[in-house]
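1. Model the structure of this input:
(4 chains, ligands or ions: 2)
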Amino acid sequence: MKSVYLDHQASTPLLPEAFEAMRPYFTEAFGSPSSLHRFGLRVRDGVKTAREQIATLINAESPDDIIFTSGGTESANLAIKGFADANERKGNHIVLAATEHPSVINSIEYLEKHHGFTSTKVPVNAIGQIDPEAIRAAITDKTILVSVHLVNHDIGTIEPIKEISKITQEKGISLFVDAVAAAGWHPIDVQSLGCQLLSLSPHRFYGPKGVGVLYRSRKARVTSLIHGGVQENGRRAGTENVPAIIGAGVAAEVALRDMGDRIAHVSRLQKRLYDGMMSRIKFIKLNGPVPGPDRICNSLNWSTEFIEGEGQLLLFDLHGIAVASGSSCVSKSLKVSHVLSAIGLDHALAQGNIIMSLGKDNTEEEIDYVVETFTKIVDRLRTMSPMWQEFQEQKIDSVISPTGIGQSFTERAASVSGKPAH
Amino acid sequence: MKSVYLDHQASTPLLPEAFEAMRPYFTEAFGSPSSLHRFGLRVRDGVKTAREQIATLINAESPDDIIFTSGGTESANLAIKGFADANERKGNHIVLAATEHPSVINSIEYLEKHHGFTSTKVPVNAIGQIDPEAIRAAITDKTILVSVHLVNHDIGTIEPIKEISKITQEKGISLFVDAVAAAGWHPIDVQSLGCQLLSLSPHRFYGPKGVGVLYRSRKARVTSLIHGGVQENGRRAGTENVPAIIGAGVAAEVALRDMGDRIAHVSRLQKRLYDGMMSRIKFIKLNGPVPGPDRICNSLNWSTEFIEGEGQLLLFDLHGIAVASGSSCVSKSLKVSHVLSAIGLDHALAQGNIIMSLGKDNTEEEIDYVVETFTKIVDRLRTMSPMWQEFQEQKIDSVISPTGIGQSFTERAASVSGKPAH
Amino acid sequence: MSDQKEYTLYNDTVMDHFMNPRNMGDLPEADGVGEVGAAACGDIMKISLKIRDGKIEDARFKTFGCGSAIASSSMATELIKGRTIDEIKNFSNQEVVDALGGLPPVKIHCSVLAEEALKAAIEDYEKKNAAVAK
Amino acid sequence: MSDQKEYTLYNDTVMDHFMNPRNMGDLPEADGVGEVGAAACGDIMKISLKIRDGKIEDARFKTFGCGSAIASSSMATELIKGRTIDEIKNFSNQEVVDALGGLPPVKIHCSVLAEEALKAAIEDYEKKNAAVAK
Ligand SMILES: Cc1ncc(COP(=O)(O)O)c(C=O)c1O
Ligand SMILES: Cc1ncc(COP(=O)(O)O)c(C=O)c1O
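-> Ligands and ions are numbered 1, 2, ... in the order given. Modelled structure (predicted):
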């Protein structure tokens, strides 16, 4: 069976170069970087190199501005809670985009619940973009931090960070940028972005899992979230995950070296996939910006009308194609992705959601196979769908291409479903 | 040059079996366990196996009681802060041993500083043992948690956990046991220990870095410390460090299989090292219990009089021998290990501290080389030491074998040093 | 992937009913039709029944929903063929879960949906019959 | 370890002075002896001076302390030979740090200790001389 991986926004395979660099750190250079003997010092040296490689990827002022954590989630937690802890004298209000990742939203909710913080979620437009002026309007004299991601993890929207940082700098407020969905696939320069905090997750660009990065400019104070020893200059306790840090460094170096090629390659595939899907599938809608300057080069988010996302995902999987979905059926909480809600997507369309994210090793043939397979999947699931039938019978209308024949799928579903959520 | 690693309490090399088990999870089975396609499901399956292997090592009631974190430090943080968060309605007081690891002490300090908690540090005796009755006496009606490690990381003392858990169970209080310095080198059965929370760190028993374990009985509620997705049943957000989790499982399985042999081997070496040091070096003192039932089998903590620890460590290193030290000179904070202070060790003896921790691959020849080397190091450093000279000139006395000739090293040092700490 | 094991989200029975659904479709001259929706996740299930002599002669389903919703409706329509109306009134989602060899905890509601669709179809039948009887 | 690089805690100069300390020992007939302790970490340093015509003719040290403390005393005793008492009074620890090619930040206090021991030895010398002069 074919095997086509289109879920690079979930995780990517480790780069062979990164694996080779990591290998000696498992069994040979296994010391703890805190140790003062050679076993420790050798490892300390490796970590230093990795810190430099990461700093170079994002043009940090200094490698000392790089804090290694256990992952993108911990980095966001540290950026938000660690910054809040160090700066709560200055204020207790945070401004964030409504479409931030749960690691950001839930960290802020924690501060609201336990540390007397309040927050303002700034809405986004129909393609997920935030209006910098809405950020300005949300800032109060209690605001200490603004949190806006560089790229949305679900719908691929690139946010206008430079415009936002103009405002935060003017107001003397720090800006945290979650760049997890961007790093490796989009040039990042923390100095020109004008942010004081930025997170990334190496396993999203062919680095290993188990390591995350928080960039922190010397202008922004952050206190530790995980307490214990004085690793990472006292900002993150615990024996370092040395092999992963080494791999992250190599992945960063290669990502920077190959960035242009990778972007060119996946952009081409993205275009081909977009064109294929749009021309072959009826009643389908792209969520987020069209491929181009407002969209990250490696992902496409689809809503296919009259069918549900998990079924699509399962059938893709049975054809050897790995994709993701923001449908409620694939989430443990039975809720559709809050990002899809935030862009005001019709609930039924959110249910029909599929996310495809491309990588450097995908090919044009794979893309064509995906489009081909998708046409079959859609036909099959529509045959099973009571809603498709009702649309055919003109009892309900399409949301994507309304014909004016009646109520929409979602309106109809609401009338059919009379019970509260269980 | 010879290379003798005697710092297994800092970290251990990864087991080749564990490395082989991890390998496919880097480049081939690289999916995220949250993904619903095969790439994700395969990985999910591997994580499930690892959870079972860990549960078996410590005889947990169920694999569901195992939470994977990023390391021993995070596990301690989650045990303490996560438990405190979930139980603060019940009370806000924590009892701990004075000799706990900084990850425990600093987590509790954080709760004191930010969440209105108070704590009572229970002192230990001269070999680092805690009196269960002192725990009982420290418990108030506000106490929700008692935290006592199974084995001390510095001086190897085994604590009477079963006696302590009798008290906590009687009082209906939860018990957290930091077993990081014990796991893999000492049988652990959470059910017979009677603790509700227990942490361990696989890189201390030939597993990988970047993964930690928190055992949590269903009787103890713990809320998440790192917020975001619903990984680890909502108790630890963030994409799992899959390869490390896989390696941890294998290391746990092998540790359980080989536990008897490993303990027998390092106990033998421990005895040989102890005998060699005691017979060859004058004015030397073992800190913590003598080898036997009160002491972990794989470490020895020494104080050598009239000389300082970092110098010893450096000279050992120049002879290819890797050791640790609790001397202030090796710590970034310029403080001697709080454990050595807690056992009431003379400050100068704490300065002369060296910690040797054994592993399964050490040999008798290595032990003999270490003892031989140590005699040379001691001679050399004593020749340089003004204190040794003064002892020879009978101006100061020995603390270890007092002759009654005058003030001790520390008393003398205090009189020589007139200035406050800088 | 080099390893030979097949990794699927659901067990073999569920996967089989998802991939090869039984009784999928419509009954042109159905005696009772039930269509229900799960407010929780937005799934929609429609079951059509052919009833003769107080017994289920034939059943069909259409479902908008996840794999387990499709499998639940497939299994439910299989299970009830030949049963009496009273039996259907006592039908419990647990039977679907058991016949499917279990469902993940968050997916149990899919089997509830099948039970509800079935009962809605019976209700529809009885309403129609009552109307006819009047 | 297979890799060829040498990993040491301090730079080559510091390591050299730690491994091959210069002027280690005592001067039996010292003109001035200074012994100081660092309250911070408990290090003790003793410097003995031989002084002739207001100049340092010879110097020795003994140190209880870490590698950088030993290297600092070794370097300090090297640096001052031949200098005048007035020059020693203006001696700064920074000279030791520079001559050693730098010390880790937490170890700078070791060089301060050397400066202090040196000045204590000069003080001792002047006290003794004053006593003789009286
Ligand atoms: C935008 C964004 N931020 C943060 C995270 C969390 O990263 P990780 O799962 O690597 O901890 C993700 C992961 O999906 C993400 O997409
Ligand atoms: C007793 C004890 N607890 C916790 C820890 C922290 O473990 P880690 O450094 O693996 O996070 C250590 C590590 O030295 C330890 O010895």
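
2. List the contacts of stretch C:105-116.
-> Stretch C:105-116 is contacted from outside by A:332, A:334, A:422, C:34, C:36-38, C:40-41, C:43, C:45, C:47, C:65-66, C:68-69, C:71-73, C:75-76, C:91-94, C:96-97, C:100, C:103, using Cβ atoms under 8 Å, 6 or more residues apart in numbering or on different chains. In this view, the C-beta of every residue, glycine as well, is placed from N, C-alpha and C.

3. please redo it, this time with the cut-off set to 6 Å
-> Here stretch C:105-116 makes contact (Cβ atoms under 6 Å, 6 or more residues apart in numbering or on different chains) with A:332, A:422, C:36, C:38, C:40, C:43, C:45, C:68-69, C:72-73, C:76, C:91, C:93, C:96-97.

4. helix/strand/coil for residue C:128?
-> Secondary structure state of residue C:128, per DSSP: H, G, I helix; E, B strand; the rest coil, is helix.

5. How many residues are close by it?
-> Neighbours of residue C:128 under the rule other Cβ atoms under 10 Å in any protein chain shown: 14.

6. same check, this time on residue C:26
-> By other Cβ under 10 Å, 14 other residues sit near residue C:26.

7. Identify the residues contacting it.
-> Shown in contact with residue C:26 (Cβ under 6 Å, 6+ apart): C:48, C:60.

8. Check the gap between it and residue A:395 for me.
-> According to Cβ to Cβ, to the nearest Å, residue C:26 and residue A:395 sit 13 Å apart.

9. Which element, helix or strand, includes residue C:116?
-> helix C:108-133 (DSSP states H and E).

10. which of the contacts of stretch C:105-116 are buried?
-> Among the contacts of stretch C:105-116, those buried by neighbour count (16 or more other Cβ atoms under 10 Å in any protein chain shown) are C:36, C:38, C:40, C:43, C:45, C:68-69, C:72-73, C:76, C:91, C:93, C:96-97.

11. TSV please, covering these and showing pLDDT, secondary structure and distance to ligand 2.
-> As requested, the buried ones among the contacts of stretch C:105-116 are exported to TSV (pLDDT from 0 to 100; DSSP: H, G, I helix; E, B strand; the rest coil; distance: Cβ to the nearest ligand atom, whole Å):
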residue	pLDDT	secondary structure	distance to ligand 2
C:36	93	strand	51
C:38	76	coil	44
C:40	65	coil	40
C:43	89	coil	44
C:45	95	strand	50
C:68	95	helix	40
C:69	96	helix	44
C:72	97	helix	45
C:73	97	helix	50
C:76	97	helix	51
C:91	95	coil	54
C:93	96	helix	46
C:96	97	helix	47
C:97	97	helix	42
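
12. Tell me which two of the residues you listed sit farthest apart.
-> Among those, the pair separated by the greatest distance (Cβ to Cβ) is C:40 and C:91, at 20.6 Å.

13. hang on, residue A:219 in a helix?
-> No - assigned with three-state DSSP, residue A:219 falls outside any helix and is coil.

14. What score does it have for pLDDT?
-> On the pLDDT scale, residue A:219 is placed at 91.

15. pLDDT averaged over stretch A:337-348 - what is it?
-> 94.

16. And the next helix or strand past whichever strand or helix holds residue A:165?
-> Using DSSP H and E, residue A:165 falls within helix A:161-171. Using DSSP H and E, the next helix or strand after helix A:161-171 towards the C-terminus is strand A:174-178.

17. So the helix of greatest length in chain A, near chain D or not?
-> Across chain A, the longest stretch assigned as helix under DSSP state H is helix A:242-280. No - remark: helix A:242-280 sits outside contact range of chain D, by Cβ under 6 Å from any Cβ of the partner chain, the gap being at least 13.0 Å.

18. Do me a favour and get the backbone dihedrals for residue 46.
-> I'll assume chain A. Here is the backbone geometry of residue A:46 (degrees, to the nearest 10): phi -60, psi -40.

19. please go with chain C instead
-> Taking degrees, to the nearest 10, you get phi -130, psi 130 for the backbone angles of residue C:46.

20. Report the distance from the helix holding residue A:165 to the chain centre.
-> Remark: helix A:161-171 is offset 22 Å from the chain centroid, using Cα atoms, centre = their mean, to the nearest Å.

21. Could you confirm residue C:34 falls within a strand?
-> Yes - assessed with three-state DSSP, residue C:34 lies in a strand.

22. Contact partners for it?
-> Residue C:34 makes contact with C:47, C:117, C:120, C:121, C:124, according to Cβ under 6 Å, 6+ apart.

23. Apart from its chain neighbours, what residue comes closest to the last one?
-> Closest residue to residue C:124 in three dimensions, ignoring its sequence neighbours and counting by Cβ to Cβ, 6 or more residues apart in numbering or on different chains: residue C:32, at 4.3 Å.

24. what's the burial count for that neighbour?
-> Using other Cβ under 10 Å, residue C:32 is surrounded by 25 other residues.

25. ok, now residue A:317?
-> Residue A:317, neighbours per other Cβ under 10 Å, totals 22.

26. Name the residues that touch the helix or strand harbouring it?
-> Under the criterion of DSSP H and E, residue A:317 resides in helix A:309-318. Helix A:309-318 has contacts (Cβ under 6 Å, 6+ apart) with A:323, A:325, A:327, A:329-330, A:352-354, A:377, A:381, B:36-38, C:66-67.

27. again, only this time at 8 Å
-> Helix A:309-318 is contacted from outside by A:304, A:322-327, A:329-330, A:351-354, A:370, A:373-374, A:377-378, A:380-381, B:36-38, C:8-9, C:18-19, C:65-67, C:70, using Cβ under 8 Å, 6+ apart.

28. anything in the next helix or strand after it near chain B?
-> Once helix A:309-318 ends, the next helix or strand along the chain (criterion: DSSP H and E) is strand A:321-322. Yes - against chain B, strand A:321-322 shows contacts by Cβ under 8 Å from any Cβ of the partner chain at A:321, A:322.

29. How far off centre is strand A:321-322?
-> On Cα atoms, centre = their mean, the centre of strand A:321-322 falls 19 Å from the chain's centre.

30. What strands flank that strand, and is each parallel or antiparallel?
-> Here strand A:321-322 is paired, per DSSP bridges, with strand A:4-5 (parallel).

31. got a list of contacts for the strand it pairs with?
-> With contacts defined as Cβ under 8 Å, 6+ apart, strand A:4-5 is touched by A:13, A:320, A:321, A:322, A:359, A:361, A:362, A:366, A:369, A:370, B:39.

32. Return the members of these classed as buried.
-> Judged by 16+ other Cβ under 10 Å, buried ones among these: A:13, A:320, A:321, A:322, A:359, A:362, A:366, A:369, A:370, B:39.

33. Report the two of these separated the most.
-> Farthest apart among those by Cβ to Cβ are A:13 and A:369. That separation is 19.3 Å.

34. Just give the closest residue to the residue of the stretch 251-400 of chain A found nearest ligand 2, not the sequence neighbours.
-> Here the residue of the stretch 251-400 of chain A nearest ligand 2 is residue A:251; by Cβ to the nearest ligand atom that distance is 23.5 Å. Leaving aside its sequence neighbours, residue A:251 sits nearest to residue A:207 (Cβ to Cβ, 6+ apart; 3.1 Å).

35. Quick check, that neighbour in contact with residue A:17.
-> No - Residue A:207 lies out of contact with residue A:17 (Cβ atoms under 8 Å); the separation is 10.6 Å.

36. where do the contact lists of the two overlap?
-> residue A:250.

37. Within range of ligand 1, give me the residues from chain A.
-> Chain A has residues A:71, A:72, A:73, A:76, A:101, A:103, A:149, A:153, A:178, A:180, A:181, A:201 near ligand 1, with proximity defined as Cβ under 6 Å from any ligand atom.
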